[in-house]
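>>> Below is the sequence, then the predicted model.
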2 protein chains.
Amino acid sequence: MDSIKLYHQQIEQAIKETKYGSNPKELYDPIEYIMSLGGKRMRPILVMMACDLFDGDTTKALHPALAIEIFHNFTLVHDDIMDKAPLRRNKETVHIKWNDNIAILSGDAMMVKAYQEICKAEPEQLPELLKIFNDTALKVCEGQQMDINYESLLKVSIPQYLKMIELKTAVLLAGALKIGALIGGAREEDAQHLYDFGKHIGIAFQLQDDILDVYANADKFGKQKGGDIIANKKTFLLLKAMEMAENNRYLKEELQQWIAAPQFDPNEKVEAVTNIYNFLNVKELARNEMQKQYELGISALKQIPANEEKKQALIVFADSLMVREV
Amino acid sequence: MDSIKLYHQQIEQAIKETKYGSNPKELYDPIEYIMSLGGKRMRPILVMMACDLFDGDTTKALHPALAIEIFHNFTLVHDDIMDKAPLRRNKETVHIKWNDNIAILSGDAMMVKAYQEICKAEPEQLPELLKIFNDTALKVCEGQQMDINYESLLKVSIPQYLKMIELKTAVLLAGALKIGALIGGAREEDAQHLYDFGKHIGIAFQLQDDILDVYANADKFGKQKGGDIIANKKTFLLLKAMEMAENNRYLKEELQQWIAAPQFDPNEKVEAVTNIYNFLNVKELARNEMQKQYELGISALKQIPANEEKKQALIVFADSLMVREV
């Protein structure tokens, strides 16, 4: 785990040292603010680890890693406007601390800053790195739009949902790994295996999030338990429950009533919907899908002919992001 | 002028043929919509002309030209949200036709599409082209933020205003020309002269806009006469008038009263403020600044050792954008 700590430090250091710009300060202060809020820095760490997996020079991966982290934070700034989210990492979101216009515009500037960082890669690698970066960025936009669409859609299938979380969440982990791999000198084929590893682990990670929202120890995770249920968020659990309740008129009606209720006691709703989930055993089904995705990821990783210890470090890192007890 | 027509056709054709994407359609339909609204396509034409000025192969400039046009339209989509503008080219703006969230997100996707287009340039030129593109994009964001800031600022100096329009409007013309020049094989020095030509012509172009808003034949230009006056927009004319009225207590009060008036007859306000402008002769001063910028642009162009006819074509094109009678 030492190398992960080292990469984390290097990334934090690089973020601190990055000159985003100074004038006008309404454009650049929000960038410094959101970038300084911390977080696990999971994506840039993956860039570094992927580069190292192929015995590459990780100093060459640092700026592209930063590009991924800036891009990720840009998506948070714009998503928070769209979701009208007041808080991010327990601090005010940019559009609340400043305003919507500033959040739109400083988000735009962050996207350009991300490109500036990736352009610090070796010139001969730039075309292939940008291809992945552009492709990934566009998919993230597609995933976010699908997520918005699904909010107002009556019926979303499980495959549709899995595709959405793949695009919205997983491809950025995948793209981060592929970019790191190519910088590290990986063959296209191996870089693609690593991409698939990231994609499946990313999907598993999001499914875990869905499960934790309902079944985690609320104190431990610092989030309101059942927040997704209260907000009618279309998670794997809800979609699976809706699908299964199709054959059970009573359950179907109860679920629909809770979803449609304009006013309700939050605790009561969370308890009632959780009971339906338990009755239909959807937690188990979500866990199975999560496990399947996790294993698909591991098997993609195993196909790469690289140092076993370094591959193990990636698995350990992925595991550290997963909470095993769900 | 034949080559301009040809470039215009090639660009329209390329825009029509570009596959922006299809799924989800809420993300891609707005991109097709805004790109199809037309306009003078001035910026991509400048990319092509700049490439040709150095006897370059203009087919290599087509995708970077498209990148500039997509980027420009992206800024329109996001600016229109910020300005709450209902119309663009006499059609509904994206955030009105769809909604704010879709306008934010499809704007983001347009930025990525712009990068995809510029990445179609020759790989060995990519680093230098991206450097200009990133630099220009960031300056456009800075200019837009300055414009927003100046709306609520009591006092904006003429140099501050000129810097703002340089960043918000002129650098994109300049960047378009420099990108075209480099694709055409220009030396850095000459590409920079062409950049300066674009920058000064761009500033002159914006100053002309300020003048036309008040003094143009409204029927001919299809805009409400004095729209900037009604909206208290800080144009060169208003800022110069405010500066000059500092020494004239009566005028200063009258101007401030019109600016502060919560309710007013629009025609009356336009007439009164225009009278102040006329009294202070600010139209003449704006025209002088415009002429100065225009000449700075021409003199930068003249320093380039290129075919005189091709240089002349650039001047003719710039002139066609300027309305000489103001």
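The structure has been received and is ready for your questions.
>>> Flag every residue of chain A that's near chain B.
Residues of chain A found near chain B (C-beta under 8 Å from any C-beta of the partner chain) are A:21, A:23-24, A:26-27, A:78, A:81-82, A:101-102, A:104-109, A:111-113, A:115-116, A:119, A:123-124, A:126-127, A:130-131, A:134, A:137-138, A:141-142, A:144-146, A:148-149. Placement of C-beta: from N, CA and C, glycine included.
>>> now the host helix or strand of A:Asp79 against helix B:62-82, angle please.
For A:Asp79, the element it lies in under DSSP states H and E is helix A:62-82. Here the directions of helix A:62-82 and helix B:62-82 differ by 40 degrees (axes from the mean of the first three to the mean of the last three C-alpha atoms, to 10 degrees).
>>> And the next helix or strand past helix A:62-82?
Following helix A:62-82 in sequence order, the next helix or strand is strand A:87-88 (DSSP H and E).
>>> How far away from the center of its chain is that next one?
Mean-position distance between strand A:87-88 and its chain equals 16 Å (C-alpha atoms, centre = their mean, to the nearest Å).
>>> Parallel or antiparallel, list what pairs with that strand.
strand A:91-92 (antiparallel) (DSSP bridges).
>>> Tally up the residues packed near A:Ala261, please.
For A:Ala261, the tally of surrounding residues (other C-beta atoms under 10 Å in any protein chain shown) stands at 13.
>>> so how far is chain B from it?
A:Ala261 is 25 Å from chain B, where distance means C-beta to the nearest C-beta, to the nearest Å.
>>> Over to the residue of the stretch 201-326 of chain A found nearest chain B. Which of the three states is it?
Taking C-beta to the nearest C-beta, chain B has its nearest neighbour within the stretch 201-326 of chain A at A:Lys234, 14.9 Å off. Of the three states, A:Lys234 takes coil according to DSSP: H, G, I helix; E, B strand; the rest coil.
>>> The helix holding A:Asp79 - what's its average pLDDT?
Taken as a whole, helix A:62-82 has a mean pLDDT of 98.
>>> So which other helices or strands are in contact with that helix?
Counting contacts by 3 or more C-beta pairs under 8 Å, 6 or more residues apart in numbering or on different chains; DSSP states H and E, helix A:62-82 packs against helix A:2-17, helix A:25-36, helix A:42-53, helix A:94-97, helix A:100-118, helix A:126-151, helix A:171-183, helix B:100-118.
>>> of all these, which lies closest to B:Glu166?
For B:Glu166, the closest of the helices and strands packed on helix A:62-82 is helix A:25-36, at 15.8 Å, according to C-beta to C-beta.
>>> which outside residues touch that closest one?
A:15-16, A:18, A:20-22, A:69-70, A:73, A:76-77, A:88, A:94, A:97-98, A:102-103, A:105-106, A:109-110, A:113, B:141-142, B:145, B:148-149 (C-beta atoms under 8 Å, 6 or more residues apart in numbering or on different chains).
>>> I'd like the distance from stretch A:29-46 to the chain centre, please.
Using C-alpha atoms, centre = their mean, the offset of stretch A:29-46 from its chain centre is 13 Å.
>>> how long is that stretch from one end to the other?
Length of stretch A:29-46, first residue to last, C-alpha to C-alpha, to the nearest Å: 27 Å.
>>> Please work out the average pLDDT along that stretch.
The average pLDDT within stretch A:29-46 is 96.
>>> if we can go back for a sec, and the residue of the stretch 201-326 of chain A closest to chain B, how many neighbours?
Counted with other C-beta under 10 Å, the neighbours of A:Lys234 add up to 21.
>>> And it, what's its pLDDT?
pLDDT for A:Lys234: 94.
>>> Let me know whether it touches A:Tyr150 as I believe.
Yes. Here A:Lys234 reaches A:Tyr150: they are 5.2 Å apart, a contact under C-beta atoms under 8 Å.
>>> For the two, list the residues in contact with both.
With C-beta under 8 Å, 6+ apart, A:Lys234 and A:Tyr150 have common neighbours A:Val156, A:Tyr161.
>>> quick one: low-confidence parts of chain A?
Counting by pLDDT under 70, chain A contains low-confidence residues at A:1, A:217-224, A:323-326.
>>> Tell me the spacing between A:Ala50 and B:Leu138.
Note on A:Ala50: its distance to B:Leu138, by C-beta to C-beta, to the nearest Å, is 28 Å.
>>> So which of the two has more stuff around it?
Neighbour tally, A:Ala50 and B:Leu138, criterion other C-beta under 10 Å: the higher count belongs to A:Ala50, 31 against 22.
>>> Spit out the contact partners of that one.
Neighbours of A:Ala50 in contact, by C-beta under 8 Å, 6+ apart: A:Ala61, A:Ala176, A:Leu177, A:Lys178, A:Ile179, A:Gly180, A:Ala181, A:Ile183, A:Gly184, A:Ala186, A:Leu194, A:Leu314.
>>> Adding neighbour count as columns, could you present those residues in JSON lines?
Shown next, in JSON lines, are the contacts of A:Ala50 (neighbours: other C-beta atoms under 10 Å in any protein chain shown):
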{"residue": "A:Ala61", "neighbour count": "28"}
{"residue": "A:Ala176", "neighbour count": "34"}
{"residue": "A:Leu177", "neighbour count": "32"}
{"residue": "A:Lys178", "neighbour count": "32"}
{"residue": "A:Ile179", "neighbour count": "32"}
{"residue": "A:Gly180", "neighbour count": "33"}
{"residue": "A:Ala181", "neighbour count": "33"}
{"residue": "A:Ile183", "neighbour count": "28"}
{"residue": "A:Gly184", "neighbour count": "25"}
{"residue": "A:Ala186", "neighbour count": "24"}
{"residue": "A:Leu194", "neighbour count": "32"}
{"residue": "A:Leu314", "neighbour count": "25"}
